[in-house]
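Student: This is a predicted model, with the sequence first.
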2 protein chains.
Amino acid sequence: MGPKERREREREEIRTRILDAARELFASEGVESVTMRRIADRIEYSPTAIYFHFRDKDALLAELCDSDFREFAHGFAEIARILNPVERLRAAGRAYVDFGINNPSHYRVMFMTPKVTSDITIAKGNPEEDAYAFLKGVVAELMAKGHFRDELTDADLAAQVIWSAMHGLVSLEIAKCKDEWVEWRPMDARTGQVIDMIIRGLLKTEGQGPRAEGRGS
Amino acid sequence: MGPKERREREREEIRTRILDAARELFASEGVESVTMRRIADRIEYSPTAIYFHFRDKDALLAELCDSDFREFAHGFAEIARILNPVERLRAAGRAYVDFGINNPSHYRVMFMTPKVTSDITIAKGNPEEDAYAFLKGVVAELMAKGHFRDELTDADLAAQVIWSAMHGLVSLEIAKCKDEWVEWRPMDARTGQVIDMIIRGLLKTEGQGPRAEGRGS
DNA sequence: GAACTTAACTTAACACTGTTAAGTATCGGA
DNA sequence: TCCGATACTTAACAGTGTTAAGTTAAGTTC
């Protein structure tokens, strides 16, 4: 069964070549510059050749998105080692903002454009691949240890509230940083204030739980 | 000078006809369906006729956006009459979310897409036309009355933090409501929690100032 | 080994998009 | 009456995603 496997391998190879070209174009010149024809130019194929490997442009972008989500979640691996859950939440918030600011093009398609995430291959619920699961895990731990205000018992709801606040920070910066209408304060200052607001607004007594624990890592 | 004025009036009339057609198309079928040709079809002109009244499509959309921003700000007029500034902030937050949920297409172009707001005619700083100014006003009043935590003395920074949280709520809903990845909690519940988080996280002692005042209106 | 099939392309074209160049009426003023 | 500006139209250009039809090379089968 030599030739069959070789063909399979070659097919996979050209697939990743297309994806790489698209990713490169995407990162350097923004999502608008990612056209089928420009991708084709880069890999020296005709534009229609891409359709043999991807259903359409959306499917191609979705697959790009898929790997982006995975990489994004991997970014929290180091943070997962922080023992103190409050500090872990703080660090996660900062990491989230860093990702968005450093990868605005990616952030836009990942979180700012309506897109059906149908054929996605990420292991849902696994904190190492699913960033939402990571956040929910931190929230659940904080709840279990009694850090959260007593009326907050729904980990999903709390996670969604936290995500909303952080997402607002990043998406507003990406969409409106050029806007001279508002006298924007430095992103660092805003980030710090939002994180403090989250901690103070959702947790008990100044962001520390009922009993102060040793700071992690 | 009769004819001259009549011409001027007619010119203005066709301008608003174009804008109305675009607005209608926009609200009913989303921004993607707003094409020069479809606008032209509606008003029974050729597509190029529009270019005599608007520089290009962006200018047309910008003008649409302009009136949308004004209308958006007008929505806060009633809320401005609430005496208690904490309650006013709460109501403003709810109104903000309502606007976004009821006008997702408008919200997207207004706040979720990078667009240079250059030739804008809104009276900056006037709370009746500029919603950011309204928010900043509420924040400033809360600060003056000592409701804010002592370390928060910058009204712009605080306003931007509040706006971020509310914007995150709305924009995440608009972009990801169809997403089955996350088990979304009801929008109402999230809104309530975010507003509570803002109040508790930024103000002193349970969202009330140093001294409880009578509730307004 | 010849015939057939299929995978992996290419070229040409369609139906769109925003936008521009060039041409045409219509109308107010000298 | 002629002139020039105003307000258009038609035709076209350079893009876009996508599809239909044709081509070529390789593998499979008789």
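Tutor: Yep, that arrived. Residues are numbered from 1 along each chain as shown, chains lettered A, B, ... in the order given.
Student: shaky segments in chain A?
Tutor: Flagging of chain A using pLDDT under 70 yields the residue ranges A:1-3, A:116-119, A:177, A:206-217.
Student: And the residue of it closest to chain B?
Tutor: Nearest residue of chain A to chain B (CB to the nearest CB) works out as A:Gly168 at 2.5 Å. Just so you know, the C-beta spots here come from the backbone N, C-alpha and C atoms, and that holds for glycine as well.
Student: if I pick that residue, what's in contact with it?
Tutor: A:194, B:163-169, B:171-172 (CB atoms under 8 Å, 6 or more residues apart in numbering or on different chains).
Student: Need the residue closest to the centroid of chain A.
Tutor: Most central in chain A under CA atoms, centre = their mean is A:Phe72, positioned 4.6 Å from the mean C-alpha point.
Student: Going by neighbour count, list what's buried in stretch A:21-29.
Tutor: Across stretch A:21-29, burial judged by 16 or more other CB atoms under 10 Å in any protein chain shown covers A:21-23, A:25-26.
Student: when you check DNA strand C, which of these turn up near it?
Tutor: Contacts with DNA strand C are made by none of the buried residues of stretch A:21-29, judged by CB under 7 Å from any atom of the strand.
Student: biggest separation within those, which pair?
Tutor: A:Ala21 and A:Phe26 (9.3 Å; CB to CB).
Student: Near DNA strand D, which residues of chain A? Just list them.
Tutor: By the rule CB under 7 Å from any atom of the strand, the part of chain A lying against DNA strand D is A:3-4, A:6-7, A:34-38, A:47-48, A:51, A:56-58.
Student: List only buried entries from the residues you listed.
Tutor: A:34, A:36.
Student: So which of the residues of chain A next to DNA strand D sit within helices?
Tutor: A:3-4, A:6-7, A:36-38, A:57-58 (DSSP state H).
Student: same for DNA strand C: which of the residues you listed are within range?
Tutor: A:Arg7.
Student: doesn't A:Ala131 make contact with the residue nearest to the centre of chain A?
Tutor: Yes - between A:Phe72 and A:Ala131 there is a contact at 5.7 Å, judged by CB atoms under 8 Å.
Student: circling back to that earlier point, could you export the ones in helices among the residues of chain A next to DNA strand D as TSV, including distance to B:Gly93?
Tutor: Output for these, formatted as TSV (distance: CB to CB, whole Å):
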residue	distance to B:Gly93
A:Pro3	64
A:Lys4	61
A:Arg6	61
A:Arg7	58
A:Met36	43
A:Arg37	46
A:Arg38	43
A:Lys57	38
A:Asp58	35
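Student: which of the ones in helices among the residues of chain A next to DNA strand D lies closest to A:Ala91?
Tutor: Set against A:Ala91, the nearest of those by CB to CB is A:Asp58 (34.4 Å).
Student: show me what contacts the closest one?
Tutor: For A:Asp58, the contacting residues are A:Lys115, by CB under 8 Å, 6+ apart.
Student: Report the separation between A:Thr48 and A:Ile39.
Tutor: From A:Thr48 across to A:Ile39, the span is 12 Å (CB to CB, to the nearest Å).
Student: ok so, going back, just curious, which of the buried residues of stretch A:21-29 is nearest to DNA strand C?
Tutor: Nearest to DNA strand C out of these is A:Ala21 (CB to the nearest atom of the strand; 13.3 Å).
Student: What residues does that closest one make contact with?
Tutor: A:39, A:42-43.
Student: cool, and A:Arg11?
Tutor: Neighbours of A:Arg11 in contact, by CB under 8 Å, 6+ apart: A:His53.
Student: re the thing from before, of all the contacts of A:Ala21, which comes closest to B:Pro127?
Tutor: B:Pro127 lies nearest to A:Ile39 out of those, by CB to CB, at 48.3 Å.
Student: I figured the closest one was touching A:Leu25, is that so?
Tutor: Yes - using CB under 8 Å, A:Ile39 makes contact with A:Leu25 at a distance of 6.4 Å.
Student: As JSON lines, the contacts of A:Gly168 with distance to DNA strand C would be great.
Tutor: What follows is the contacts of A:Gly168, written out as JSON lines (distance: CB to the nearest atom of the strand, whole Å):
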{"residue": "A:Val194", "distance to DNA strand C": "37"}
{"residue": "B:Trp163", "distance to DNA strand C": "30"}
{"residue": "B:Ser164", "distance to DNA strand C": "32"}
{"residue": "B:Ala165", "distance to DNA strand C": "34"}
{"residue": "B:Met166", "distance to DNA strand C": "31"}
{"residue": "B:His167", "distance to DNA strand C": "27"}
{"residue": "B:Gly168", "distance to DNA strand C": "30"}
{"residue": "B:Leu169", "distance to DNA strand C": "31"}
{"residue": "B:Ser171", "distance to DNA strand C": "24"}
{"residue": "B:Leu172", "distance to DNA strand C": "28"}
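Student: For chain A, which segments are assigned as helices?
Tutor: Under DSSP H, chain A gives helices at A:2-29, A:36-43, A:57-74, A:85-102, A:104-107, A:131-144, A:155-176, A:187-202.
Student: The last one close to chain B?
Tutor: Yes - counting by CB under 8 Å from any CB of the partner chain, chain B has neighbours in helix A:187-202: A:189-190, A:193-194, A:196-202.
Student: I'd like to know which of the residues you listed are buried.
Tutor: A:190, A:193-194, A:196-202.
Student: Out of the residues you listed, which comes closest to A:Leu142?
Tutor: The closest of these, once distances to A:Leu142 are taken by CB to CB, is A:Leu202, at 8.5 Å.
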